[in-house]
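S.K.: Structure here, sequence nowhere to be found:
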């Protein structure tokens, strides 16, 4: 993946941060072939992203021990698709034990190109494909 980005960050309130990013990317999926999915794998994208981060957590070192964080991300790509993600994290300390809960929600428009669906799960999982639907077709490895 190659790209270029320009980001502006502002603090609206002491705990509220807003980020606007203009991004241009070129993605190439070398692990799949066109015959496996029937769509081109090179994907150029120009997008504008907005993130709103409300963080009321208290930290002990690098770890939050109480509070909450709400993160809202929106992305509009000029190739006519829209993606939105939200994350809510709550932290409590109960008798010296840190408890943390996370809720993550997201939506991706149906007109999204295949590389956007391919990368939506992150680096450790695949979404939008059936079991053994990506790969050489062998279930034995």
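M.R.: Yep, it's here. This structure is a prediction, so every number in the text was calculated from the model and none was measured.
S.K.: Just give the number of residues close to residue 91.
M.R.: 20 (other Cβ atoms under 10 Å). Bear in mind the C-beta positions are built from the backbone N, C-alpha and C, glycine included.
S.K.: Repeat that for residue 67.
M.R.: Neighbour tally, residue 67, other Cβ under 10 Å: 15.
S.K.: ok, now how distant is it from residue 101?
M.R.: 12 Å (Cβ to Cβ, to the nearest Å).
S.K.: what touches both of those two?
M.R.: residue 90 (Cβ atoms under 8 Å, 6 or more residues apart in numbering).
S.K.: what's downstream of the helix or strand where residue 49 lies, the next helix or strand?
M.R.: Applying DSSP states H and E as the criterion places residue 49 in strand 42-55. Reading on from strand 42-55 to the C-terminus, the next helix or strand found by DSSP H and E is strand 58-60.
S.K.: contacting residues for residue 24?
M.R.: Contacts of residue 24 by Cβ under 8 Å, 6+ apart are 3, 4, 5, 44, 45, 46, 47.
S.K.: List the beta-bridge partners for the third one.
M.R.: Beta bridges link residue 5 to residue 23, judged by DSSP bridges.
S.K.: Show me which residues of the helix or strand containing residue 100 are buried.
M.R.: Using DSSP H and E, residue 100 maps to strand 97-108. For strand 97-108, a neighbour-count test (16 or more other Cβ atoms under 10 Å) marks residue 108 as buried.
S.K.: Likewise for stretch 74-94?
M.R.: 75, 77, 81, 83, 85, 89, 90, 91.
S.K.: List just the nearest of these to residue 9.
M.R.: residue 75 (16.5 Å; Cβ to Cβ).
S.K.: so the closest one touches residue 82, yeah?
M.R.: Yes. Counting by Cβ atoms under 8 Å, residue 82 is a contact partner of residue 75 at 7.1 Å.
S.K.: between these two, what contacts are shared?
M.R.: Contacts common to residue 75 and residue 82, judged by Cβ under 8 Å, 6+ apart, are absent.
S.K.: Filter the contacts of residue 24 down to just the buried residues.
M.R.: Counted by 16+ other Cβ under 10 Å, the contacts of residue 24 give 45, 47 as buried.
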